[in-house]
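Enquirer: Next comes the sequence, and after it the predicted model I'd like to discuss.
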Amino acid sequence: MNLILWRHAEAEDFASSDLARALTTRGRKQAQNVAKWLRARLPDDAVILASPAVRTVQTAETLSDQYRVVRELAPNAGANDVLTAAGWPEGIAQTVVIVGHQPTLGHVAALLLANSEASWPLKKAGVWWISNRERNGDEQAVLRAAIGPDLV
């Protein structure tokens, strides 16, 4: 399974609620650039799951109009909420893109890659692409890519 953790792009600081915060002009450009990079690498049957926050939905929409909003991915979700939504490690699909938030995505990456309870920093609009594999009877999570919007 491929699990792609994509943090929403830059959003406005204030709105009527945290969930209502929208992308800034810069954030829209960040999301579009990263979406272009992802689109060139994703299989056609990739599943895209987004938090219900406006900024994550807007980020997901730059990639595809075929995404699902999952309320369990809202801000302050836990790492296990993300893994359950994605079906890790078997997967609800071979490739799942999670469009979400910090510190949750950082918790997921630290848990999978280092078996740590830490939250690793992920730049706005940044992507971590993690795959699972079996080696000598052990399940492993492998980092395939880590990229920020300034490198795409």
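Expert: Thanks, I have the structure now.

Enquirer: Can you classify Val96 by secondary structure?
Expert: The assignment at Val96 comes out as strand when based on DSSP: H, G, I helix; E, B strand; the rest coil.

Enquirer: excluding its backbone neighbours, what's nearest it?
Expert: Leaving aside its sequence neighbours, Val96 sits nearest to Ala86 (CB to CB, 6 or more residues apart in numbering; 4.3 Å). C-betas here are computed from N, CA, C, even on glycine.

Enquirer: With Val70 as the reference, measure out to that neighbour.
Expert: For Ala86, the distance to Val70 equals 9 Å [CB to CB, to the nearest Å].

Enquirer: Can you pull the residues that touch both of those two?
Expert: Common neighbours of Ala86 and Val70, using CB atoms under 8 Å, 6 or more residues apart in numbering, are Leu49.

Enquirer: If you count surrounding residues, which of those two has more?
Expert: Higher neighbour count among Ala86 and Val70: Ala86, with 26 against 21, using other CB atoms under 10 Å.

Enquirer: what about Gln66, distance to Ala15?
Expert: 26 Å.

Enquirer: Looking at those two, which has the bigger crowd around it?
Expert: Each of Gln66 and Ala15 has its neighbours counted (other CB under 10 Å); Ala15 has more, 14 against 11.

Enquirer: you'd agree that one is up against Arg21?
Expert: Yes - counting by CB atoms under 8 Å, Ala15 touches Arg21, with 4.4 Å between them.

Enquirer: Name the residues contacting each of the two.
Expert: Val54.

Enquirer: Quick one: residues contacting Pro121.
Expert: The contact partners of Pro121, by CB under 8 Å, 6+ apart, come to 102, 106.

Enquirer: Kindly recompute the last result at 7 Å.
Expert: Gly106 (CB atoms under 7 Å, 6 or more residues apart in numbering).

Enquirer: Could you check how far Thr59 is from Lys29?
Expert: Plainly put, Thr59 is 12 Å away from Lys29 if you go by CB to CB.

Enquirer: If you could redo that for Ala40, that was the one I meant.
Expert: In terms of CB to CB, Ala40 sits 17 Å off from Lys29.
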